[in-house]
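Colleague: I would like the atomic coordinates for the input below:
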Amino acid sequence: MKKIFLILISAMLVVASCTTTDFEEAYPDPSKINVSTVEKQFSGMIYANRDYVVPSYWNYFVVYRITANRYTQATGWVNATNQYVPGGGAVNDRWGNFYSFVSQYRQMENIYNALPDADKADRRIYMIAATIYMYDAVQKVVDLHGDIPFSEAGKIIANGGDYKASMPKYDKAEDIYTKMLDDLKAFADELNTLNISTGILTGFKTQDIVNKGDITKWKRYCNSLRLRMLTRVSGVSAFQSRAASEINSILNNQSAYPIVTSNADNIQIKIHDLNTPINSMGFRTGLEDWNGNLAGKVIIDYMNANNDPRLRVMFQPGDSAKGVFNGLDALATSGDQEAAILTNKISRYNWSTISRNQFFPGVLINASEAHFLAAEGYLNANNDAAAKTAYEAGITNSIRNYYLYRSVSNNNESGAVTAPTDAEIADYLAKSAISWSNAGTKQAKLTLIGMQKWIDYSVIQPLDNWAEVRRLNVPQLSFWVDNADPQKQPPTRWFYPDSEKTYNTENYNAVSANDKITNKIFWDVN
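Modeller: Below is the predicted model:
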């Protein structure tokens, strides 16, 4: 954790205005920290986490390329020994960045808590929005590691710079989920009654780079995040009753608890100006370098077999494939895989839609995901008609959204694509392997939902993709067995970074017995 504190001290906290046009000036000398404000700190904490929301080189090349994108077979790659062990660079960097981000949030709390009560009431929207955004990130880290430092993390400033007093204990993953669900439920209710003055709302619109001050979108973000978390823990006995009750409450009371239901409501950090640090220019090398954008065989075969309208906008055929979409076989030998790549017949993720689209947004929650979550909720509540409607809405929004990604692109190297008609989408929904009505059991219908989530997430939401593949065991993927390494198959969690063993030794030792990448996160009960 010492590394985390050094990052914080050297990067510390925002005093300049943090709009998308002047972020370079946002990080001042630490001695001037007392002039920071809740407003500036809010933008600063969102900015601090930008590379893990907006596609970036480091996150895709160092982190996702060798971990989640392989563990879900969203991509194809050449098999090699030791390929299933998460890379130290991926683990260490993501951990350090996350705790720098948490420290930014803690300092925002400090500033907010020091305000007079009237000023706190005025700026309540900032704390609610900041916490919703942070919990989105916290969930992803819990889903990677399990127990993590949380309740005591990031408090070195509040502790007067006392390094030893700021060593955080590890909180149980279940307890963190409970805390987040409690708070998000309270926020969902509070947002329905919160009074925000015109002046505060004007400032909030300026500082809010996620939803541009749209309070209704913050409600949708909050409730969609609740739905994601509740669904994630819905198979755990200790959470089953709560999950069922709250999911039903959300789905059956959309006036009070709205979720994201259309692509116009997607929760994203949009790219407006390539001359600011908030852009997707690193996506190209992050995804494409070292063939990180090769298509996997399972996803291509499934989409080909069902004439998926997303295929032509998500992928592009290999240069020598004569328009045919082919994926790389994860079970082939490395020699056969390398030979297949050399033929230039393996498809790749579409340059113009995805990796070379410098305006590709930072995705937080899309309508497609929210609809798929709703479909599972309705299915578990035995409301088959509503489940079918939500499932089909998820597919439709997913298809439309991939073409929306393409519509904002400043690249056309992959060639033009024709958006699907309503009739083409209807034909897809009626395919025997896609049709809700053709699935005769609850498990078969859950598998349909899982397959569509997997396609929708692809390389766009790798961590959510890996979490849902672990939770649902859908699709059921087969991997090459690495007999030369103790880790013969993909892991079920990430280990903790070495910095924890070195600097947070006492607290790490309390959880070290469980620091095995073959252990499962508590919600992974399959």
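
Colleague: Straight-line length of stretch 79-90, end to end?
Modeller: 19 Å (C-alpha to C-alpha, to the nearest Å).

Colleague: neighbouring contacts of it?
Modeller: Under the contact criterion C-beta atoms under 8 Å, 6 or more residues apart in numbering, stretch 79-90 has outside partners 62-63, 66-67, 70-71, 77, 330, 332-334, 337, 479-480, 482, 484-485, 487-491, 494-495, 497-498, 517. Backbone N, C-alpha and C define where each C-beta goes, glycine included.

Colleague: how about the residue nearest to residue 487 when sequence neighbours are not counted, secondary structure?
Modeller: Spatially, and ignoring its direct neighbours in sequence, residue 487 is nearest to residue 84 (4.6 Å; C-beta to C-beta, 6 or more residues apart in numbering). Look at residue 84: counting by DSSP: H, G, I helix; E, B strand; the rest coil, its state is coil.

Colleague: Let me know the distance separating residue 84 from residue 405.
Modeller: 30 Å (C-beta to C-beta, to the nearest Å).

Colleague: check contacts around residue 484.
Modeller: 81-82.

Colleague: next one: residue 497
Modeller: 88, 91-92, 95-96.

Colleague: hmm, back to that, if I look at the residue nearest to residue 487, how far off is residue 488?
Modeller: On the measure of C-beta to C-beta, residue 84 and residue 488 end up 7 Å apart.

Colleague: who has more neighbours, the two?
Modeller: More crowded of residue 84 and residue 488, by other C-beta atoms under 10 Å: residue 84, with 21 against 12.

Colleague: Got the phi and psi for that one?
Modeller: phi -100, psi 0 (degrees, to the nearest 10).

Colleague: What does the pLDDT read for it?
Modeller: Note on residue 84: pLDDT of 98.

Colleague: ok, now residue 255?
Modeller: 98.

Colleague: What of residue 165?
Modeller: Confidence score, pLDDT, at residue 165: 76.

Colleague: Nearest spatial neighbour of it, chain-adjacent residues omitted?
Modeller: Using C-beta to C-beta, 6+ apart, the closest residue to residue 165 is residue 159 (4.8 Å).

Colleague: doesn't the one you found fall inside a helix?
Modeller: No: according to three-state DSSP, the state of residue 159 is coil, so it is not within a helix.

Colleague: Got phi/psi on it?
Modeller: phi -90, psi 20.

Colleague: wait, it sits on residue 168?
Modeller: No: when contacts are counted by C-beta atoms under 8 Å, residue 159 is not listed as touching residue 168 (10.6 Å).

Colleague: More neighbours: which of these two?
Modeller: residue 168 (20 against 13).

Colleague: any idea of the pLDDT on the more buried one?
Modeller: In this model, residue 168 carries a pLDDT of 94.

Colleague: Under the pLDDT cut-off, which ranges of the chain? List them.
Modeller: In the prediction, the chain carries residues with pLDDT under 70 at positions 1-35.

Colleague: quick one, strands of it?
Modeller: 148-149, 170-171, 267-269, 315-316, 348-349, 362-365 (DSSP state E).

Colleague: Among these, which comes closest to residue 239?
Modeller: strand 170-171 (16.3 Å; C-beta to C-beta).

Colleague: gap between the residue nearest to residue 165 and residue 273?
Modeller: 39 Å.

Colleague: And residue 120, by the same measure?
Modeller: 33 Å.

Colleague: Please say which of these two ends up with more neighbours.
Modeller: Legend: neighbour count by other C-beta under 10 Å for residue 120 and residue 273, higher for residue 120 (15 against 10).

Colleague: So what's the residue count around the closest residue in space to residue 437 that isn't next to it in sequence?
Modeller: Leaving aside its sequence neighbours, residue 437 sits nearest to residue 388 (C-beta to C-beta, 6+ apart; 7.5 Å). Close neighbours of residue 388, defined as other C-beta under 10 Å, add up to 20.

Colleague: try residue 271
Modeller: Quick note: residue 271 (other C-beta under 10 Å) scores 22 neighbours.

Colleague: And the helices in the stretch 301-450 of the chain?
Modeller: 311-314, 334-342, 367-380, 384-407, 422-429, 442-457 (DSSP state H, counting those that start in this stretch).

Colleague: Ok, which of those helices comes nearest residue 221?
Modeller: helix 367-380 (10.0 Å).

Colleague: CA atoms of the closest one as CSV?
Modeller: Taking C-alpha atoms only, helix 367-380 is exported to CSV below (Å, rounded to 0.1, in the frame of the first residue of the first chain):
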residue,chain,number,x,y,z
ALA,A,367,-29.5,-0.3,-22.4
SER,A,368,-28.7,-3.8,-23.8
GLU,A,369,-27.1,-4.9,-20.5
ALA,A,370,-29.9,-3.4,-18.4
HIS,A,371,-32.5,-5.3,-20.5
PHE,A,372,-30.6,-8.6,-20.2
LEU,A,373,-30.4,-8.1,-16.5
ALA,A,374,-34.1,-7.4,-16.5
ALA,A,375,-34.8,-10.5,-18.5
GLU,A,376,-33.1,-12.7,-16.0
GLY,A,377,-35.0,-11.0,-13.2
TYR,A,378,-38.3,-11.5,-14.8
LEU,A,379,-37.3,-15.1,-15.6
ASN,A,380,-36.5,-15.8,-12.0
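
Colleague: Helices of the stretch 1-150 of the chain, start to end?
Modeller: 2-11, 38-48, 57-58, 68-71, 88-113, 117-122, 124-145.

Colleague: Please tabulate these in CSV, including the columns distance to residue 360.
Modeller: Converted to CSV, the helices of the stretch 1-150 of the chain look like this (distance: least, C-beta to C-beta, whole Å):
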stretch, distance to residue 360
helix 2-11, 26
helix 38-48, 18
helix 57-58, 13
helix 68-71, 16
helix 88-113, 20
helix 117-122, 36
helix 124-145, 19
